[in-house]
Structures are given as C-alpha cells and as structure tokens.
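Here is my input; please provide its structure:
(2 chains)
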Amino acid sequence: SQQGEEDPQALSIQEGENATMNCSYKTSINNLQWYRQNSGRGLVHLILIRSNEREKHSGRLRVTLDTSKKSSSLLITASRAADTASYFCATDDSGSARQLTFGSGTQLTVLP
Amino acid sequence: DAGVIQSPRHEVTEMGQEVTLRCKPISGHDYLFWYRQTMMRGLELLIYFNNNVPIDDSGMPEDRFSAKMPNASFSTLKIQPSEPRDSAVYFCASSRRLAGNTGELFFGEGSRLTVL
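So this is what the prediction gives:
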C-alpha cells in the first residue's frame, strides 16, 4: 500500500490564485519530499522537509509538516498556467531499507 | 550533466515477447531505482541497487521481471514473457543517498510500455 495519500485528487484554480495540496502518511519518517510531474515526463524534485522541521520555503513554494498528525501540505502561491502538473508527496519508508514511497498525487490545473 | 537517460521512450509489443528497458544513471550516483507507474496503482518501487548490487527487489511483481546493473553506468529491467497487465510507464531514478538520508531522486523521462 502507498505510504502517502494526497488530497485533493484533483484541483482546478485560476491563474494568480494559491493552490494547497495535502499529504497524509502512516509511519514514522526521516523526511518528506514533494515532486512534480508534467504530463508525459519524469518526476522532478521540488522540496524536502526534515522530520524536525515544521515549515520550509522555496520561491513560491511553502511546505509544512506536522509529524503528530502525520501530514504535510504544499502551498503554491500566485499560481501560473505553467504550474499545471501532478504533485506527489514521498516519504522514506520506516523500514530498514529507507527507500522512497510515493503517494497517489494531486492533479493541479491552473487556468489562464 | 545529461540527467538519467532511459530507452526506449515507447515500446509496443505483443504478449509473450521479451522486453528490455535500459537506464543510464547520473554519474556519481550510488543508488539506482526502478519504479512502475500506472493509473490504478500509482508509483511502485520495483527494485533498487546500491553500488551495482541489488538491495531490495521485494517490489518485483513476478519471476517474469528481472533487473541487472552490470556496472555503475548501466542498468536493465527485463520482462519475459510480457503480459498485457505489464503495460505501464517504467521509470529509472538515481540518487547520491537513500531517502532516509535526505537523498532526492533524479528521474528519467520514463519508458512507456504497451503489451498487446
């Protein structure tokens, strides 16, 4: 089963609006990562937040992490049509191997 | 750096045929991962290597799937014989460190496999 589950599954907003995507996970983690995937392309790493961090910023991206609730959110401010993509959260598996497990993703559509 | 390179980008084959997918990781990355992406199951980790050695292949669905990494710059994922349910996009990714040690993954563009 997948470690992370994103919410909502799909999100459609107007250009200039903010987009918020949420991710819940099940086990303890060392860090949580967000990736972006444009249609027909590979995934691209956006940002990583460690388990001892609560908030992190990178350009128009803001990520929060609440380990007590096992949840994270990704906020994209002042969205652009070029932000249209699928966004995935990923966590390092709590098992000994510590490989990355991906959620089901949020499909974001930014309308011009 | 050219990034992770996968080939072929698209493969259409008939049930029962052998399929070989290829990957060249980023130079200097010690970890290589094979993922499969489908609408139904999302992204699944199939197998990963560390320094060319397979570490965890628990995600490989069946014995029909095999993966090798003969050297640090090349890996293959083979399906023999292929079945329609193997149709998916197969991604190769590489990293310097494991995710648990804050390693980020660098993905290739994927190989879209269609088995008729």
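
what residue ranges in chain A score low on pLDDT?
A:1-4, A:93-98 (pLDDT under 70).

what do you get if the cut-off is 90, keeping everything else the same?
A:1-8, A:26-31, A:50-51, A:91-101, A:103 (pLDDT under 90).

Kindly report the same for chain B.
For chain B, the ranges with pLDDT under 90 are B:1-2, B:56, B:61-62, B:96-104.

Ignoring the adjacent residues along the chain, who's closest to residue A:17?
residue A:79 (5.7 Å; CB to CB, 6 or more residues apart in numbering or on different chains). The C-beta positions use only the backbone N, C-alpha and C, and glycine is treated the same way.

shouldn't the one you found be in contact with residue A:18?
Yes. Residue A:79 is within contact range of residue A:18, at 6.7 Å (criterion: CB atoms under 8 Å).

any idea how far residue A:102 is from residue B:39?
14 Å (CB to CB, to the nearest Å).

Sticking with the residue nearest the centre of chain B, tell me its helix or strand.
Centroid-nearest residue in chain B, with CA atoms, centre = their mean: residue B:34, separated by 2.9 Å. In the assignment (DSSP states H and E), residue B:34 maps to strand B:31-38.

Now do the helix or strand that comes right after that strand: distance to the chain's middle.
Using DSSP H and E, the helix or strand that follows strand B:31-38 in sequence is strand B:42-50. Here strand B:42-50 is found 7 Å from its chain centre; the criterion is CA atoms, centre = their mean, to the nearest Å.

same thing with stretch B:106-115?
8 Å.

repeat for stretch A:9-19
Using CA atoms, centre = their mean, the offset of stretch A:9-19 from its chain centre is 14 Å.

and the gap between the residue nearest to the centre of chain B and residue B:57?
In terms of CB to CB, residue B:34 sits 9 Å off from residue B:57.

could you pull out the strands for the chain?
You didn't say which chain, so I picked chain A. A:5-7, A:10-14, A:19-24, A:31-37, A:43-50, A:55-58, A:61-66, A:71-76, A:85-92, A:100-102, A:106-111 (DSSP state E).

You answered for a different chain; I wanted chain B.
Going by DSSP E, chain B shows strands at B:5-7, B:10-13, B:19-24, B:31-38, B:42-50, B:53-56, B:65-71, B:74-79, B:88-95, B:106-107, B:111-115.

Those: which one's closest to residue A:27?
strand B:42-50 (15.1 Å; CB to CB).

Settle this for me: residue A:34 is touching residue A:89, isn't it.
Yes. Using CB under 8 Å, residue A:34 is in contact with residue A:89, at 5.6 Å.

Need the overlap of contacts for these two.
Common neighbours of residue A:34 and residue A:89, using CB atoms under 8 Å, 6 or more residues apart in numbering or on different chains, are A:23, A:72, A:74.

so who does the residue nearest to the first one when sequence neighbours are not counted touch?
Which is residue A:23. Nearest residue to residue A:23, sequence neighbours excluded (CB to CB, 6+ apart): residue A:89, at 3.4 Å. By CB under 8 Å, 6+ apart, the contact set of residue A:89 is A:4, A:6, A:23, A:25, A:32, A:33, A:34, A:35, A:72, A:74, A:102, A:103.
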